[in-house]
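A.B. asks: Task: produce atomic coordinates for the following.
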Amino acid sequence: MKTTRQQIIHLLSQVETDALGISQELRIREREVYEHLPHVARSVRARGKQLIITPASCLKCGYVFEARTRFTRPGRCPKCRETHVQRPTYRID
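C.D. replies: Down below sits the predicted model:
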């Protein structure tokens, strides 16, 4: 049996998905996924791979959260103040 972080690494090595997809696949809370992602990033970096983050974007104005360093989903767009924000996705290359 693999640990939760090992399962996340295995899943993200196969598909690109968001935190909600990870939580549904592994049957854990989405908040727990966000707690594991920084550790997953460090683990895969030590193996010579990289956790690739496709940044979140606003669905109304198209603003892309490129400079965001946190793994969590932003609450609202700083440009138009809308809360319809597409979740960031993650994959391992």
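
A.B. asks: Run a quick neighbour tally on the residue lying closest to residue 18 once chain neighbours are set aside.
C.D. replies: Distances taken as Cβ to Cβ, 6 or more residues apart in numbering place residue 87 nearest to residue 18, at 4.1 Å, with adjacent residues excluded. Glycine gets a C-beta too; all of them are placed from N, C-alpha and C. Number of residues near residue 87 (other Cβ atoms under 10 Å) recorded here: 17.

A.B. asks: again with residue 56
C.D. replies: The burial count for residue 56: 21, using other Cβ under 10 Å.

A.B. asks: shift numbering so it begins at 188
C.D. replies: New numbering, starting at 188: the last item is residue 243.

A.B. asks: I figured it was touching residue 274, is that so?
C.D. replies: Yes - between residue 243 and residue 274 there is a contact under Cβ atoms under 8 Å: 6.0 Å.

A.B. asks: Residues that sit against both of those two, list them.
C.D. replies: Common contact partners of residue 243 and residue 274 (Cβ atoms under 8 Å, 6 or more residues apart in numbering): residue 260.

A.B. asks: Give the residue spans of this structure that score low on pLDDT.
C.D. replies: Regions of the chain meeting the criterion pLDDT under 70 are absent.

A.B. asks: ok, which stretches of it are strands?
C.D. replies: 204-205, 238-241, 244-245, 272-273, 276-279 (DSSP state E).
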